[in-house]
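Undergrad: take a look and give me a structure for this.
(chains A and B)
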2 protein chains.
Amino acid sequence: MNKTLSSFIEEKKQIIEVELERKLDTLEIPQRLKESMLYSLEAGGKRLRPILLLASYEAYNGKGDKALSAAAALEMIHTYSLIHDDLPAMDDDDLRRGKPTNHKVFDEATAILAGDALLTFSFEIILDDPLLDSEEKVTLTRALTHASGAAGMVGGQIKDMQAEKTPITLDEMETIHDLKTGELLKFAVFAGAYLGRADKEQLAHLQRFAYYLGLIFQVQDDILDVTGNEERMGKAVGSDESNEKSTYPKILGLEGAINKKSTYVKKAQNSLKNAGADGTLLEMLINYISERDH
Amino acid sequence: MNKTLSSFIEEKKQIIEVELERKLDTLEIPQRLKESMLYSLEAGGKRLRPILLLASYEAYNGKGDKALSAAAALEMIHTYSLIHDDLPAMDDDDLRRGKPTNHKVFDEATAILAGDALLTFSFEIILDDPLLDSEEKVTLTRALTHASGAAGMVGGQIKDMQAEKTPITLDEMETIHDLKTGELLKFAVFAGAYLGRADKEQLAHLQRFAYYLGLIFQVQDDILDVTGNEERMGKAVGSDESNEKSTYPKILGLEGAINKKSTYVKKAQNSLKNAGADGTLLEMLINYISERDH
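TA: Numbering: from 1, shown residues only, chains lettered A, B, ... in the order given. Below is the predicted model of the structure:
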């Protein structure tokens, strides 16, 4: 990985993790609820979404901590969605990133409520941020409700459930990915650039950039499930095959999937150029996401 | 019931129900998710919270539809909490208001997601309301996240779960009620009066009014579980006894509970007077809640 990017990622990862803990610490709430929220927030992960948000902010020369509450809020939304996704009634997962899932450590009721609390708190920390004015708060929370709600992530989860064990077309699969994971990535890129004062036209090009970035993320996820190293990834490969899940390699073949990814990388680069953000950390993130091995 | 109050309630109930349906209709979201959200929103109920919000707005001479999105948002939050509360991992209820609960009609995964979507959407409709300026949107959504989140309703639900089958003191029980149901009632009164331009001192007195109103609601709930008419209430009485739940009659005896309620009615009336809102619909609502038979 490029040295500039890797030190950026390391630095921001730490800043985000400190911020998440700091926000939770200020809450005067029942201890068990706080522990459950913290358990999943601290369970690690790449912190890709908040890092993307901060990279977008810096690509437009944003300075200081103004984007930090939106970054923390976004990671909280992502975390709540994982807690609810892992529930027995949903994916019924006992492990996430090699650790017991929230409802295994606590219980199902607590996990449901911890997810609800994280979702609610994510809006609160943006609305409470003294670095943002009212207009900015409204724009950011409005975009976050849209990205994470019924017309975004939650809608994608419903569609994903409905598509299980049903053969779907490439288009249908991409719609699901766009809603389920793409919308939060679009929010990340939008929020950072908006706070960095990108103009309307730039923001429109960035939406396309984030759209392709989301698909690149997904193609690579699917490719890794076929070709990945289990030890490196910390999870079993080949699970998509046994899950009867629709994937790029299944629909296009492995070579077709790799070619598709190349096409999307070019489109993402092109959108970024149109947004005047080529040569920034955002461009480095395309390759990082496209070539990651876990 | 007082005729002015009963016609106010009937009128507002209808306005709220039309508004809820209208808001959902505009959403371009997966059909099954929309059906699940609508099912619980349309399942009836007293609409007490939004009615209280609109009564508070009118008590301060608020005119027009400015308080309507907050009222609809509040009912959505209440509805999401009922959907999640009814889940097998929580209260495991098959029926609510005589109808099958959301997860019985759809499935658990859909019910979890419908709750998540309603919670998220509740903030969105306030943030989207063209009748509100940015400052008002921030104040209202900020207050709503606080009332419904870990430091409010969700925190109360955790405490309530922890208190199950454990004898608790009157103070502990009232803390749970204040968080679990009181915080949303406080939001209702606050939001209406804030939009009606009540001043800071009035708002502070109204917080106390809403606090007592919440406790009155709860004492009466507990009393009805002992003395109520099953047919009138549409549910079995005596369930608190068999649930080993802490209630006012159990801690204070039936007469003690009735006396407690009278004390709270006086305190609510007094707070309302201090807030300059005596003689309004809010005062009529005290008696309505205190003397309801279902």
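
Undergrad: who in the stretch 151-294 of chain A is up against chain B?
TA: A:151, A:154-155, A:157-159, A:161-162 (C-beta under 8 Å from any C-beta of the partner chain). In this view, the C-beta of every residue, glycine as well, is placed from N, C-alpha and C.

Undergrad: just give me the neighbour total for A:Ala114.
TA: By other C-beta atoms under 10 Å in any protein chain shown, 30 other residues sit near A:Ala114.

Undergrad: if we can go back for a sec, take the residues of the stretch 151-294 of chain A next to chain B and lay them out in a markdown table including pLDDT and neighbour count.
TA: Shown next, in a markdown table, are those (pLDDT from 0 to 100; neighbours: other C-beta atoms under 10 Å in any protein chain shown):
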| residue | pLDDT | neighbour count |
| --- | --- | --- |
| A:Ala151 | 98 | 22 |
| A:Val154 | 98 | 30 |
| A:Gly155 | 98 | 25 |
| A:Gln157 | 97 | 27 |
| A:Ile158 | 97 | 25 |
| A:Lys159 | 96 | 21 |
| A:Met161 | 94 | 18 |
| A:Gln162 | 92 | 15 |
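
Undergrad: so which of those residues sit within helices?
TA: A:154-155, A:157-159, A:161-162 (DSSP state H).

Undergrad: before we move on, the earlier item: of the residues of the stretch 151-294 of chain A next to chain B, which is the nearest to B:Gly62?
TA: For these, the closest approach to B:Gly62 (C-beta to C-beta) belongs to A:Ala151, at 30.5 Å.

Undergrad: how close does the residue nearest to the spatial centre of chain A sit to chain B?
TA: Nearest to the geometric centre of chain A sits A:Arg49, at 4.2 Å (C-alpha atoms, centre = their mean). Note on A:Arg49: its distance to chain B, by C-beta to the nearest C-beta, to the nearest Å, is 17 Å.

Undergrad: what do you get for A:Val265?
TA: Counting by C-beta to the nearest C-beta, the gap from A:Val265 to chain B is 30 Å.

Undergrad: for A:Ser271, same thing?
TA: 24 Å.

Undergrad: chain center to the particular helix or strand that has that residue in it, what's the gap?
TA: Assigned by DSSP states H and E, A:Ser271 falls within helix A:248-274. Computed by C-alpha atoms, centre = their mean, to the nearest Å, the separation of helix A:248-274 from the middle of its chain amounts to 19 Å.

Undergrad: show me what counts as buried in it.
TA: A:248-252, A:257-258, A:260-261, A:264-265, A:267-269, A:271-272, A:274 (16 or more other C-beta atoms under 10 Å in any protein chain shown).

Undergrad: what helices and strands are in contact with it?
TA: With contacts taken as 3 or more C-beta pairs under 8 Å, 6 or more residues apart in numbering or on different chains; DSSP states H and E, helix A:248-274 sits against helix A:170-177, helix A:200-227, helix A:281-291.

Undergrad: still on that earlier bit, turn the ones in helices among the residues of the stretch 151-294 of chain A next to chain B into TSV, including distance to B:Glu21.
TA: TSV is the format used below for those (distance: C-beta to C-beta, whole Å):
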residue	distance to B:Glu21
A:Val154	20
A:Gly155	19
A:Gln157	24
A:Ile158	20
A:Lys159	23
A:Met161	25
A:Gln162	24
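
Undergrad: nearest to A:Asn2 among those?
TA: Closest approach between these and A:Asn2, by C-beta to C-beta: A:Gln157, at 33.5 Å.

Undergrad: OK, contacts around A:Leu203?
TA: A:190, A:193-194, A:275 (C-beta atoms under 8 Å, 6 or more residues apart in numbering or on different chains).

Undergrad: run the last query once more with 10 Å
TA: Contact partners of A:Leu203, counting by C-beta atoms under 10 Å, 6 or more residues apart in numbering or on different chains, are A:60, A:189-190, A:193-194, A:275.

Undergrad: same question, A:Leu74
TA: A:16, A:47-50, A:52-53, A:122, A:126, A:140, A:144, A:147-148, A:184-185, A:187-188, A:191-192.

Undergrad: skipping adjacent residues, who's closest to A:Asn60 in space?
TA: Not quite, residue A:60 is Tyr, not Asn. A:Gly196 (2.8 Å; C-beta to C-beta, 6 or more residues apart in numbering or on different chains).

Undergrad: ranges for the helices of the stretch 1-150 of chain A?
TA: A:3-25, A:31-41, A:48-59, A:68-86, A:102-105, A:108-127, A:134-148 (DSSP state H, counting those that start in this stretch).

Undergrad: and of the ones in helices among the residues of the stretch 151-294 of chain A next to chain B, the nearest to B:Asp25?
TA: When these are ranked by distance to B:Asp25 (C-beta to C-beta), A:Gly155 comes first, at 15.7 Å.

Undergrad: could the helices and strands packed on helix A:248-274 go into a markdown table alongside mean pLDDT?
TA: Putting those into a markdown table (pLDDT from 0 to 100) gives the following:
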| stretch | mean pLDDT |
| --- | --- |
| helix A:170-177 | 97 |
| helix A:200-227 | 96 |
| helix A:281-291 | 96 |
